[in-house]
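Chemist: Give me coordinates for this.
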Amino acid sequence: MSIRFVIVGGGPGGNTAATVAARLGAEVTLIERDLVGGAAHLWDCIPSKAMIATGGFLSELHRAEVMGVAADGRLDLDALRARISSIETKLHRSVCELLESQGVRMIRGTGRLKGPHEVIAETADGVEEIEADAILLATGSRPRIPEWCEVDGQRVLTTRQAYPPNEIPGHLVVIGSGVTGVEFAHMFRSLGSDVTLIVSRQQVLPAKDPEVAAALEAEFLRRGVRLYKGARASGIEIDGEALRVQCDDGRVATGTHAVLAIGSIPNSDGLGLDAAGVTVDPGGYVPVGHHLQSNVGHIYAAGDLSGKLPLSSVASMQGRKIAEHVMGLHTRQHRHLDYEKAASAIFTEPEIADVGLAEAEAFAEGRKLRVTKVPFSANAKALIEGDSRGFVKIISDPATGVVLGGSIVGRGAAELISVIALAVTTNLKVADLVDSVLVHPALSESLADAAE
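Modeler: Numbers count the residues shown, from 1 in each chain. A predicted model of the protein is given here:
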């Protein structure tokens, strides 16, 4: 008899777990109330990156003269909206086709636990009770809205209401300077909005390398983005065409629109966790162990609900690891997911990407490191493409030469970081990078140069 595996939530974690488990022989049921593919994937990540790509294309047009080309362009908001919808539809369809090809049963509805081995699916046609040997909860999260803010979806927006908004703001105040906040600041500045960014700390991207953050801040200032450093938003008021964001230090940021980019809340309410005896922490997350199990061994959590790194790539890998564990593959060669070695990227201009050990954190701990950095201004391909902003930084162990981490600021950073991520994951040495014969001219040459 095959294992009955029920998954609540069809985002990156849920649909990956469903595909892998079905391929391994499980009887899989996937319950999703909205689009299979996930809110984060189809409503957050993909639409935002599509808008950023459009903004990047506009930036390229503005740089055309540098490349020896005379060009002009304007934003067609309707065409952008249609483009985003088309991308979402294609990705949704491809995920559904993959699940169907693996024999996954898909239910359009809301799932909740009735007990340790029972899942209730509420659909438009009624209620169905499903017996399960293993259960995965991958219900994602939603934007956090503070008590002092009233979101109207027109002038005051959450991130999900801005892909794209009904109109491009004349002046957007972005509240929050983490990854999402800086991407929004970049995106709307590229699309023509004036932008003010509320920065609660003394640097944007407070969790990132200060040198990386400084490079992004310098680019923002060059492009006319206003930075309110050391300020926390405490209220919003609208007076006609003017929107004012009050800060706790007395400053006021004035614009036409505001967007909240201050984190998210896990969708753990209404899941029936108490009925199954599943523990939830004070933040609403389901604590999990190495194999992504909750305190109830056969009930797993993935994605934002697990409280781990809130990245689609991480959620997908969690789903794969969960499926392997459900099907018993962990008893063979099985590598735990190491969150400290997960690569991440920020799609600003220039792009930012990093992986592994953080330089500032390691030095704060007194750890000895070898840090090497090469600017893209020394790279032939960067000069050819007319964009030599940024650098490659590689962190290694001075005694063994093993690559411990790295940061990239510049064109193509999200792609280039994959090489350093592979090195970190497989314990390659800087000598391995140096000895690689790479394409010339190419941006990737800077990786080998930085490893010297």
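
Chemist: Hmm, Tyr228 and Gln202 touching each other?
Modeler: No. Applying C-beta atoms under 8 Å, one finds Gln202 not in contact with Tyr228, separated by 11.5 Å. Every residue, glycine included, has its C-beta placed from N, CA and C.

Chemist: Gly270: what's its closest spatial neighbour, skipping adjacent residues?
Modeler: Arg112 (6.1 Å; C-beta to C-beta, 6 or more residues apart in numbering).

Chemist: Next, that neighbour: secondary structure please.
Modeler: strand (DSSP: H, G, I helix; E, B strand; the rest coil).

Chemist: where exactly do the helices run in the stretch 301-450 of the chain?
Modeler: In the stretch 301-450 of the chain, the helices defined using DSSP state H, counting those that start in this stretch lie at 312-326, 359-364, 380-384, 413-426, 430-434, 445-451.

Chemist: tell me the average confidence for the second one?
Modeler: Here the mean pLDDT over helix 359-364 is 81, rounded to a whole number.

Chemist: same check, this time on the longest one
Modeler: For helix 312-326, mean pLDDT is 95.

Chemist: where exactly do the helices run in the stretch 51-200 of the chain?
Modeler: Under the criterion DSSP H, counting those that start in this stretch, the stretch 51-200 of the chain contains helices at 77-101, 179-190.

Chemist: Now do the contacts for Gln154.
Modeler: Residues counted as contacts of Gln154 (C-beta atoms under 8 Å, 6 or more residues apart in numbering) are Asn166.

Chemist: where's it relative to Glu167, distance?
Modeler: 9 Å (C-beta to C-beta, to the nearest Å).

Chemist: Over to Leu404?
Modeler: Distance of Leu404 to Glu167, computed by C-beta to C-beta: 46 Å.

Chemist: which of these two has more neighbours?
Modeler: Using other C-beta atoms under 10 Å, the more surrounded residue of Leu404 and Glu167 is Leu404, with 26 against 10.

Chemist: Quick check: that one touching Gly356?
Modeler: Yes. The pair Leu404 / Gly356 is scored as a contact, 5.4 Å apart, by C-beta under 8 Å.

Chemist: Which per-residue confidence value corresponds to the nearest residue to Glu445 once chain neighbours are set aside?
Modeler: Distance criterion C-beta to C-beta, 6+ apart; nearest residue to Glu445, sequence neighbours excluded, is Leu438 at 5.4 Å. Looking at Leu438, its pLDDT stands at 90.

Chemist: count of residues packed around Leu438?
Modeler: When neighbours are counted by other C-beta under 10 Å, Leu438 registers 15.

Chemist: Quick check: it touching Ser444?
Modeler: Yes. If you go by C-beta under 8 Å, Leu438 and Ser444 touch, sitting 5.2 Å apart.

Chemist: ok, the nearest residue to Ile130 once chain neighbours are set aside to Asn379 distance?
Modeler: The shortest distance from Ile130 to any non-neighbouring residue, by C-beta to C-beta, 6+ apart, is to Val119 (4.7 Å). Distance, Val119 to Asn379, by C-beta to C-beta: 53 Å.

Chemist: Please name the bridge partners of Gln246.
Modeler: Note on Gln246: beta-bridge partners by DSSP bridges are Gly235, Val252.

Chemist: Please list all residues in contact with the spatially closest residue to Glu118 that is not a sequence neighbour.
Modeler: Leaving out its chain neighbours, the residue that sits closest to Glu118 by C-beta to C-beta, 6+ apart is Glu129, at 5.9 Å. Going by C-beta under 8 Å, 6+ apart, Glu129 touches Lys114, Glu118, Val119, Ile120, Ala121.

Chemist: what do you get for Thr400?
Modeler: Lys429.

Chemist: Also Ile408?
Modeler: By C-beta under 8 Å, 6+ apart, the residues touching Ile408 are Glu351, Ile352, Ala353, Asp354, Gly390, Phe391, Val392, Lys393, Leu416, Ile417, Ile420.

Chemist: tally of neighbours for the third one?
Modeler: The local packing count at Ala353 equals 24, with neighbours defined by other C-beta under 10 Å.

Chemist: didn't it look like it was pressed against Ile417?
Modeler: Yes. With contact defined as C-beta under 8 Å, Ala353 counts as touching Ile417 (3.7 Å).

Chemist: what residues do the two have in common as contacts?
Modeler: By C-beta under 8 Å, 6+ apart, the residues touching both Ala353 and Ile417 are Ala343, Ala345, Ile408.

Chemist: Dump those residues to JSON lines, plus distance to Leu292.
Modeler: Shown next, in JSON lines, are the shared contacts of Ala353 and Ile417 (distance: C-beta to C-beta, whole Å):
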{"residue": "Ala343", "distance to Leu292": "20"}
{"residue": "Ala345", "distance to Leu292": "23"}
{"residue": "Ile408", "distance to Leu292": "29"}
